[in-house]
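> Build me a model:
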Amino acid sequence: MDKVISIEKAVSLVKDGDTVMVGGFMANGSPLKLLDALLASGRKNLTLICNDTAFVDKGVGKLVVNKQFKKIISTHIGLNKETGRQMSAGETEVDLVPQGTLAERIRAAGFGLGGILTPTGLGTLVEEGKQKVTVDGTTYLLEKPLFADVALLYANKVDTQGNMVYKGSENNFNSVMASAAKITIVEAEELVECGTIDPNTVMTPSVFVKYIVNGGAL
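The predicted structure is shown next:
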C-alpha cells in the first residue's frame, strides 16, 4: 500500500464533527502545513485533543481563532489568549486536563485499556463527575481513554512505510498519539525510502501510521 498522499487528500479525511489529535508542545513538533491546510478547508465542529493551543498565529491556534473547534481537551491554553476568551465567553468548551493524565489517557486508548487510575485531581474540580476507585486503601480517580478519529502528527524523518524519527523535543505527544486514532497521518519534514533509516533509531513504528504527507516538498 502506498502511504504517501497529497496534503489535499489528507485533509479530506478529516470530517466536520471529528475528534482530532494533534502532536506538539507550543507548536514545537506540530504538523504546521497540515494544520494550515485544515484551516483553509474550513472544517468545523471539531474536537481538539492537544497539549495546548499554541499561539494565535501558529499551529492549532489559527484554527482556534477561526472557531473550527467546538471543544478543546488540553493541559493548558498556551499563549493563545483567544482560547481563554472563547472559554470565558462560553463560545468553546475547554476541558483542562493535568498533563500526565492527558498523556496516559491517550496511551490507554492506544493500548486497549479501560482507563487509568490516578490520584491527580482528587479534592479539586478535576474530580467532578468522575468515578473513584480504592485500591489497598488508596483512592484514585478513574480517567477514561481518549480516542480520536484522526491524529495529525509530525516527524523530522519518515520513511515511505511510516517509520518515524523525531529531532530533539519534537517527539512530545506525537508518539503516544500515533496508536490512539482510527487514522494516523504524519507530516514528514524529510521523506526517505524504506530501509534507509536504522531500525534502532525508529521512535514510532510504521504499523501505527496510515498515511504520510511529504512536508518537505510543500
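> which residues make contact with the helix or strand that contains residue 40 from outside it?
Following DSSP states H and E, one finds residue 40 within helix 32-41. The contact list for helix 32-41, computed with C-beta atoms under 8 Å, 6 or more residues apart in numbering, reads 7-8, 10-12, 14, 20, 22, 58-60, 62-63, 66, 68, 152, 154, 185, 187, 213, 215, 218. Yep, even glycine has a C-beta here, placed from its N, CA and C like the rest.
> same deal with stretch 111-127?
97-98, 100-101, 104-105, 107-108, 130, 132-133, 135, 138-145, 179.
> any idea where the helices of the chain begin and end?
7-12, 32-41, 60-65, 81-89, 99-110, 174-177 (DSSP state H).
> Adding mean neighbour count, distance to residue 121 and mean pLDDT, write those out as CSV.
CSV is the format used below for these (neighbours: other C-beta atoms under 10 Å; distance: least, C-beta to C-beta, whole Å; pLDDT from 0 to 100):
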stretch, mean neighbour count, distance to residue 121, mean pLDDT
helix 7-12, 17, 35, 98
helix 32-41, 19, 30, 98
helix 60-65, 24, 24, 97
helix 81-89, 16, 19, 96
helix 99-110, 20, 7, 97
helix 174-177, 24, 20, 97
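> Format those as TSV; extra columns: distance to residue 198.
Output for the helices of the chain, formatted as TSV (distance: least, C-beta to C-beta, whole Å):
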stretch	distance to residue 198
helix 7-12	27
helix 32-41	26
helix 60-65	32
helix 81-89	40
helix 99-110	24
helix 174-177	17
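> where are the low-confidence patches of the protein?
Low-confidence segments of the chain (pLDDT under 70): 1.
> if you set the cut-off to 80 instead, what comes out?
1, 218 (pLDDT under 80).
> So which residues of it form strands?
19-22, 46-49, 69-74, 93-96, 116-118, 132-135, 138-143, 148-159, 164-165, 181-192, 211-214 (DSSP state E).
> Could you export those as CSV, including mean neighbour count?
Shown next, in CSV, are the strands of the chain (neighbours: other C-beta atoms under 10 Å):
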stretch, mean neighbour count
strand 19-22, 25
strand 46-49, 22
strand 69-74, 20
strand 93-96, 15
strand 116-118, 17
strand 132-135, 10
strand 138-143, 16
strand 148-159, 26
strand 164-165, 24
strand 181-192, 21
strand 211-214, 23
